[in-house]
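In: Here's a sequence, model it:
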Amino acid sequence: MSENKISSNEVPEKFAEWLLSMGCPAEKIPQMDKVVQMCRGQYYMVWRSIMERVEARGSIRQKRLQVFSDDVRRYQRANSHDTSIIVPAEIQAWRKHKEVKEKVAKAEARVKDANKKLNQVMDKVSTKYFMSVPFEE
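Out: Sure, this is the predicted structure:
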């Protein structure tokens, strides 16, 4: 939230502001006397720590997009001779990993299907064998 530490007296008020900035509906935020009770004793350090370390989803999404655009720019500068490709190496590796996982899933499904068919054939064969063997009493 901020670079400097929030004093214990400011934590309840800043906590309510932080909840609003995180997208919490105003009607869901506890009354100030309840927030003060939540922040009494050593608990104010927990809330202060959470407020300093947890960021809103929009902020995190924006940072991820910034990292992605920086990677694209860096990749374009490194491969300026071929401007048609704008996919960074990390994303190419991720796509390949995803393709391999899909191929593995398909192969596992084929193996499972083959085992099922094998069991059916074995059941047919064993049924025919037992029917052809004369029954002795």
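In: Show me how this structure divides into domains.
Out: 11-54, 59-86, 87-137 (automatic domain parsing).
In: mean pLDDT for these: which is lowest?
Out: Least confident of the domains of the chain, judged by mean pLDDT, is domain 59-86 with a mean of 77.
In: Give the buried residues for that one.
Out: Residues of domain 59-86 classed as buried: 71, 75 (neighbour count, 16 or more other Cβ atoms under 10 Å). In short, each C-beta sits where N, CA and C put it, glycine included.
In: tell me how far that domain is from the chain's mean position?
Out: Centroid displacement of domain 59-86 relative to its chain, using Cα atoms, centre = their mean, to the nearest Å, is 22 Å.
In: Give me the nearest residue to residue 56, chain neighbours excluded.
Out: residue 22 (5.1 Å; Cβ to Cβ, 6 or more residues apart in numbering).
In: which non-adjacent residue is nearest residue 87?
Out: Per Cβ to Cβ, 6+ apart, closest to residue 87 is residue 75, 7.2 Å.
In: Thought residue 90 was touching that neighbour, still the case?
Out: No: assessed by Cβ atoms under 8 Å, residue 75 is found out of contact with residue 90, at 9.0 Å.
In: Need the single longest helix in this protein, by residues.
Out: Longest helix in the chain, counting residues (DSSP state H): helix 89-132.
In: Quick check: which helices or strands does it pack against?
Out: helix 57-78 (3 or more Cβ pairs under 8 Å, 6 or more residues apart in numbering; DSSP states H and E).
In: got the angle between the helix it packs on and helix 89-132?
Out: On the basis of axes from the mean of the first three to the mean of the last three Cα atoms, to 10 degrees, helix 57-78 is oriented at 100 degrees to helix 89-132.
In: Counting by contacts, list what helix 57-78 packs against.
Out: With 3+ Cβ pairs under 8 Å, 6+ apart as the test, helix 57-78 has helix 89-132 packed against it.
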